[in-house]
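S.K.: got a predicted model here, sequence first, then my questions.
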Amino acid sequence: MTSLILRTMVRLLLPLLLLFSVFLLLRGHNEPGGGFVGGLMAATGFALFSIAFGSSTARRILQIDPLVLIGVGLLLALSSGLMTLLLEQPFLTGVWYKLSLGALGKLELGTPLFFDIGVYLTVWGVTLTIIFALEEVG
Amino acid sequence: MEIVLPVVIGSLYAMAIYMLLRRSLVKLLIGLGLLSHASNLLIFTAAGLTRSKAPVIPLAADQLRPPHADPLPQALILTAIVISFGVTAFALALAYRAYRSVNTDDLDQMKTTDA
Amino acid sequence: MIIFSVLAVFGLAFLAPPLCRLTKEKSGWWLAILPLALTVYFLSLLPGLARGQIQSISYLWSQELGLTFAFRADGLSLAFALLISGIGALVAVYAGGYFGTKVPIGRFYLWLFFFMASMLGVVFADHLILLFIFWELTSLSSFMLIGFEHDREEARAAAIQALLVTGSGGLVMLAGFVLLGQVGQTWELSTLFLRGEGVRASPLYLAIVILILIGAFTKSAQFPFHFWLPNAMQAPTPVSTYLHAATMVKAGVYLLARLSPVLGGSPIWLWAVGGIGAVTMVLGGVLALSQTDMKRLLAYSTISALGSLVMAIGIGSETALKAMVLFLLAHGLYKGTLFLVTGSVDHECGTRDVRELGGLGRLMPYTALGSTLAALSMAGVPLFFGFLAKEYLYEASYKAGALWLILAVLGALLNVWIALRVGIAPFWLAGSKEAELPKKPHEAPWSMTVGPLILGGLSLGLGAYPQILSSVLVSPALSAMAGKAVEVKLKAWHGINDILLLSLLTLGLGVVAFAIRNDLQRIAEQWTVPWGLDTLYRRSIDGLFRLASFQTRLLQHGYLRYYLITIVVAVVGITAGGLIRWGGGALPHLSLDLRFYELGIAIIIVLAGGMAILSRSRLGAVAALGVAGYGVASIYLLFGAPDLAMTQFLIESLTVILFVLAFYHLPNFAQLTPRRERLRDVIIAIVTGCLMTIFVFVASGIQIHPSISQFFVENALPLAHGRNIVNVILVDFRGLDTLGEITVLAIAGLGVFALLKLRIDQRSARAGKTTQTGRKGGDQ
C-alpha cells in the first residue's frame, strides 16, 4: 500500500482531518459533532496515514502512545465528574462558568466540555490502539 | 419510509442471523456487523421517523419547536455504534489470536481445543 | 447493650485465631471469659425482667424496605441466651482440653464464636428478616463445624447434608416470613404479637404455618427431617454438645415458641406441631434402640427431646408451655453434660461403643460423677431438674388427652433407657475387659471435667431448688409465649399423686427395658428399614448431580451455532408469543409517504447485505458490509440525525480498514456447512427476519410509557447550556452512561492490544509444540 497518490493525499488530509476533528469536538455542544465523532475523525486521519506510511511513521508523527491517550481521556472524563464533588453536588453534575469577553460576547465553560474532551481522547486512543495493533501484528 | 424500513430491518436481521450460524469465524464477524446495523435501525425506527430537522436548538431561538427528531434514541444509537466498533475490533483480534493458536477458523474444530 | 453482646461475640470470633496463637494451650480458658461475662450480664437482666422491664433497641436500616436492626430481650430470649452463653463458655473451656494443640484450633474457635454470635442474634432479633439472616448464619457455621475435620469424607458429606436440609428449610421459612410480614403488615415481632387474631383469620394463615413449620422442623430435626442430626455427629464432640444438643437444634423450638402467640391456638397448630412433635419424640427413642455408639444414641435422644419440646408448644396450654421452658433448660443441662462426657470417654478410651465400655467409674471419677448426675436428671429421678420438667410435661399431656399422655410416657421411657445406657452403664457396670480398649483410660484433664461437673451439678441443684427460677426466668419466658403476664410458682416436690406414680412407673419400666437391652437391640436391628429418608436424601443428591452433568453435556456441547440457534429460537418464540397475545390490535397508521431516493437507499442496503453474505471473497463481503453501513448512515442523515450519520460514516470506514488489516492474517472463506444445514439456517434466518419486520411495524405504533425526550429537549439549553441535544444527553444528562461506555471501549482497546501485541509466554509456548507449527502454517 505505498501508492504515491495515497501518500500525497494523506499528507494533505491528515492536518485537515485533525483540524476538523477539533472543530467537531468544540462545536459539538451546540451543533452536530462532539467527542465521539471528533475522536473518530482524528483516528481516521492517523489510520489513513498509517496505511500509507506504515504504523511506525504514524506513531512517530503522533509522538504519544495511543494507550496514554486512553488513560488521559478516561482520567479527564472522570475528573470532570469529580470536580463537582468539591461543590458538594452529585457526581457528574455540570458546572458552568460564564466568561465575558467584551465585544466578542460570552464564553461558557463547563465541566461537560472537559468530559467531552475526555471522550474525544479515549475514542481517539482506542481506535488508534486497535489499528496500530492490527497493523503491527504478524 | 415507515413501510420500507421494517422490511430493510427484517432483511438485515435475516442476513445477520444466517451469517452468525456459519462455521467460519470471519463470516460470523460479518454477521455481527449486519446485526448491529439492524439493531440500530430498529431503535431508530421504533422511536418514530421524521424527516424534519435535527434535535439542535437554533442559535437564534431559546427552545426547539416541533417537529424535530427525537434526540434520545439518537444518543442511544450513537453509543451503540461506537461500542459495536469496539466489539468488532475485539472479536477480530480474538479471531486472529484463535486462528494463530489452532490454525483453523472452523468453529466446530475450535470446540475441542480446550481439552 | 444487647446488640453489643452479639457484636462482641462476632468480634471475638475474628480475634480468636490470633488469640489462640498468643495463648497456646490455655486458649480455651481465655476465650471463655467473654461468654462467661455475657452469662453474668444476662443473669443481671433477670431481676429487671421479673419487674417487667424488657430491654430492646432498634436502629433504622432501610426506611423504604421497612428494615430495622431491632433487638429485644424478653424472658424467652434470655432463657435461650443463658443456655447459649453459659454452655458456650463451658464448651470453649472443654474444647481447649479436647483438641489440645494438634488441630488448627483458632479456626475452630472462629466458627464456634461465629455460631454463638449468630445464635444470640436469632434469639434476640425482633425483626423477621434479621432473625432469618442470623438463622442462616447458624446453618452456615454449623456446616463449617460439622465439616471441621474436612479431610474425612463422611464429615464433609454430613456437613453438606446438614447445610442443605437446614439451609433450604430456612429458605422455605423465609417465604413464610414474607407472607407473615405481608399479612401482619410489619416485620417487627413485638408488633406482630398484637396482631395474632388478624393473622390467624387471614386466608394465608395455612400457608404461613406450613412454610414456617418446615423451617423450624428442619432446624430442630423433627420428623421427617430428623435424619441429618445423627449424621451431624461426625462433628467433633464439643460441636455436637453445643450446636446439636444444647443450642442450634433448639432454634426451631425457639421460633415456634416465639411465634406461638401469633400463630398458635388453632387446631392445625395443635395437630401439626403437637402431632409431629409427638411422633418425633417416640421415633427418636425407637430409632435409638439399635444404636451402640454413645454419640448416636445421644443424637436420637436429642431428636426425641426436641420432639417433646415441639409437642409441648403444639399443645400450647399454660402447663405445656411451662413444661417446655423447664424441659428446655433441663435438657440443655443434662444433654450438654452427657455429650461432654461422651467426648471425654472417647478421648480417654478411644471408643464410644457402649458394648465395649464399662467400669470407668473408678478410673474417671469426676467425669463419672457429672455423667451420673446428668443421667439421673435425664431419667427423671425425683429431685432432679429433669424430673420436674417431666412432671409438667405429663401433667400437660394428661390434660390434653390420653393419646398425648401415652406418647409422652413412651418417649420418656425410651429416654430412661438411653440415659442408663450412655450415662450410667459405662461407668458403673462391668464392661468388657479394660485391656481391649484402644487406650488405657484415665481421668480427663481439668478443663474437660469442669463442664460436666458444673452442668451436672446444676441438674441437681435447680431440680432441688426450682424456686430460684420461678419468678426471674420461667414466669417472664412464659409470659412472652402466652402473650400475657403469667405468674409461676415452682416446687421440687408436688406430693404423692397420679403423675408422680406415672413417673415412677416410667423409671421402673425403663430399668426393665435396660435389663433386656440386648434383646431389644436385636429386635430393633431387624426393624431397620433399608429405605430411610437418609437414603432418599442420598438418592436425590445423586440424582441432582446426574441431572447436572446430563444437562451440562446437553447444553454445553461447545457448538457455538447451536447455542446461537437456541438463543435465536427462544427470542423468536417469546417475541412471537408476545405478538400473538397482543393479538394484532390496530396496526399503526402506515404512512405511504415514500420518496424515490429513500427507496433507492433501502434497496442498496438490502442488496449490499445480500452481497456480503453471498460473496465468495472476503474483501467483497467486507466492502458490501461497508456499503450497507453507508446506506444506514444515509438514512440517519435523511431523518434528522446528523450526529449519527457522521459517526456511522466514520465507523464504517474504520471497520472496513480493520477487516482488511485483519484479513491479511486470516484464511479465506470456506464452504463448511452441508447443504441441509444451510437450508435449516436459511429457514431460521428468514423466519427471524419476518418476525422482526412485523415487530418493528407493531412497535413503532405502540407507546407504553410517555416519552421522556421532551424533558431533555426543554432543559438542554437552560440546564446544560447546550444546543445539540444529542450531545447534551451524552455528556451531561446521561454522562455516567457515557463514562461507562468509554470505559468499556477502553477495555476493548486494551483487550485488542493484549491479544495482538503481548507474546505468548515461554511456558505456554513450550507446552504446545503444535501451536508453533500451527503458527507457521498460518503465516503461509
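M.R.: Noted; the coordinates are in hand. Worth saying up front: this structure is predicted, and the values here are computed from it rather than measured.

S.K.: and the residue of chain A that's closest to chain C?
M.R.: Here chain A gets closest to chain C at one residue, residue A:126, 3.5 Å apart by C-beta to the nearest C-beta. Every residue, glycine included, has its C-beta placed from N, CA and C.

S.K.: that residue against residue B:86, yeah?
M.R.: Yes. Counting by C-beta atoms under 8 Å, residue A:126 does reach residue B:86; the two are 6.7 Å apart.

S.K.: quick check: neighbours shared by these two?
M.R.: Residues touching both residue A:126 and residue B:86 by C-beta atoms under 8 Å, 6 or more residues apart in numbering or on different chains: C:745, C:748-749.

S.K.: tell me how far the closest residue to residue C:316 other than its chain neighbours lies from chain A.
M.R.: Distances taken as C-beta to C-beta, 6 or more residues apart in numbering or on different chains place residue C:264 nearest to residue C:316, at 5.1 Å, with adjacent residues excluded. The spacing between residue C:264 and chain A, counted by C-beta to the nearest C-beta, to the nearest Å, is 51 Å.

S.K.: so, low pLDDT: which residues of chain B?
M.R.: B:111-115 (pLDDT under 70).

S.K.: state the helix or strand in which the closest residue to residue C:428 other than its chain neighbours lies.
M.R.: Excluding the flanking residues, the one nearest residue C:428 by C-beta to C-beta, 6+ apart is residue C:361, at 5.1 Å. Using DSSP states H and E, residue C:361 sits in helix C:360-363.

S.K.: just the buried residues of the helix or strand following that helix, please?
M.R.: Per DSSP H and E, the first helix or strand lying C-terminal to helix C:360-363 is helix C:365-379. Burial within helix C:365-379, assessed by neighbour count using 16 or more other C-beta atoms under 10 Å in any protein chain shown, is assigned to C:366-379.

S.K.: same question, stretch A:63-77
M.R.: By 16+ other C-beta under 10 Å, the buried positions in stretch A:63-77 come out as A:66-67, A:69-74, A:76-77.

S.K.: just those residues now: which is nearest residue C:510?
M.R.: Distance to residue C:510, by C-beta to C-beta, is smallest for residue A:74 among the buried residues of stretch A:63-77, at 78.4 Å.

S.K.: list the contacts of that closest one.
M.R.: Shown in contact with residue A:74 (C-beta under 8 Å, 6+ apart): A:118, A:122, C:742-743, C:746.

S.K.: make a ChimeraX selection of the buried ones in the residues you listed.
M.R.: Selecting just the buried residues from these in ChimeraX takes one command, with 16+ other C-beta under 10 Å as the test:
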select /A:118,122 /C:742,746
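
S.K.: looking at the contacts of residue A:74, which is nearest residue C:24?
M.R.: residue C:743 (51.1 Å).

S.K.: which helix or which strand is home to that closest one?
M.R.: Applying DSSP H and E, one finds residue C:743 within helix C:735-757.

S.K.: go through the helix holding residue C:361 and flag the buried ones.
M.R.: Counting neighbours by 16+ other C-beta under 10 Å, helix C:360-363 gives C:360-361, C:363 as buried.

S.K.: could you list every helix and strand in contact with the longest helix along chain A?
M.R.: When chain A is parsed with DSSP state H, its longest helix is helix A:111-136. Contact here means 3 or more C-beta pairs under 8 Å, 6 or more residues apart in numbering or on different chains; DSSP states H and E; on that basis helix A:111-136 packs against helix A:4-27, helix A:35-53, helix A:55-62, helix A:66-86, helix B:71-102, helix C:642-663, helix C:735-757.

S.K.: residue A:60: how many residues sit nearby?
M.R.: If you count neighbours by other C-beta atoms under 10 Å in any protein chain shown, residue A:60 ends up with 10.

S.K.: any idea how far residue C:306 is from it?
M.R.: 81 Å (C-beta to C-beta, to the nearest Å).

S.K.: what stretches of the chain score poorly on pLDDT?
M.R.: You didn't pick a chain, so chain A it is. Ranges of chain A meeting pLDDT under 70: A:1-2, A:88-89, A:92, A:98-108, A:138.

S.K.: correction: the question concerned chain C.
M.R.: The model of chain C has pLDDT under 70 over residues C:431-436, C:528-532, C:584-591, C:759-780.

S.K.: hmm, residue B:105 is touching residue B:25, no?
M.R.: Yes. Between residue B:105 and residue B:25 a contact is recorded at 4.1 Å, counting by C-beta under 8 Å.

S.K.: need the contact list for the residue of chain A found nearest chain B.
M.R.: Residue nearest to chain B within chain A: residue A:130 (4.4 Å; C-beta to the nearest C-beta). By C-beta under 8 Å, 6+ apart, the residues touching residue A:130 are B:86, B:89, B:93, C:658, C:748-749, C:752-753.

S.K.: intersect those residues with the contacts of chain A.
M.R.: Among the contacts of residue A:130, the residues that sit close to chain A (C-beta under 8 Å from any C-beta of the partner chain) are B:86, B:89, B:93, C:658, C:748-749, C:752-753.

S.K.: rebuild those residues as a markdown table, extending it with neighbour count.
M.R.: Below are these laid out as a markdown table (neighbours: other C-beta atoms under 10 Å in any protein chain shown):
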| residue | neighbour count |
| --- | --- |
| B:86 | 23 |
| B:89 | 28 |
| B:93 | 25 |
| C:658 | 25 |
| C:748 | 22 |
| C:749 | 27 |
| C:752 | 28 |
| C:753 | 19 |
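
S.K.: which of those sits closest to chain A?
M.R.: For the ones next to chain A among the contacts of residue A:130, the nearest to chain A is residue C:749 (3.5 Å; C-beta to the nearest C-beta).

S.K.: what sits against the closest one?
M.R.: A:66, A:70, A:125-127, A:129-130, B:86, B:89.

S.K.: against residue B:86, how distant is it?
M.R.: Counting by C-beta to C-beta, the gap from residue C:749 to residue B:86 is 7 Å.

S.K.: so what sits against both of the two?
M.R.: Contacts common to residue C:749 and residue B:86, judged by C-beta under 8 Å, 6+ apart, are A:126, A:130.

S.K.: skipping adjacent residues, who's closest to residue 75 in space?
M.R.: As the question left the chain open, I've gone with chain A. Nearest non-adjacent residue to residue A:75, counting by C-beta to C-beta, 6+ apart: residue A:118, 7.4 Å away.

S.K.: not quite, I wanted chain C
M.R.: residue C:476 (2.6 Å).

S.K.: show residues contacting the helix or strand harbouring that neighbour.
M.R.: Assigned by DSSP H and E, residue C:476 belongs to helix C:475-482. Here helix C:475-482 makes contact (C-beta under 8 Å, 6+ apart) with C:46, C:49-50, C:74-79, C:257-258, C:260-261, C:318, C:321-322, C:324-325, C:485-488.

S.K.: in ChimeraX, select just the buried ones from those residues.
M.R.: Command for ChimeraX that selects the buried part of the contacts of helix C:475-482, burial taken from 16+ other C-beta under 10 Å:
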select /C:46,49,74,75,76,77,78,79,257,258,260,261,321,322,324,325,486,488
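
S.K.: buried set for the host helix or strand of residue C:629?
M.R.: For residue C:629, the element it lies in under DSSP H and E is helix C:618-638. Within helix C:618-638, the residues scored as buried using 16+ other C-beta under 10 Å are C:618, C:621-638.
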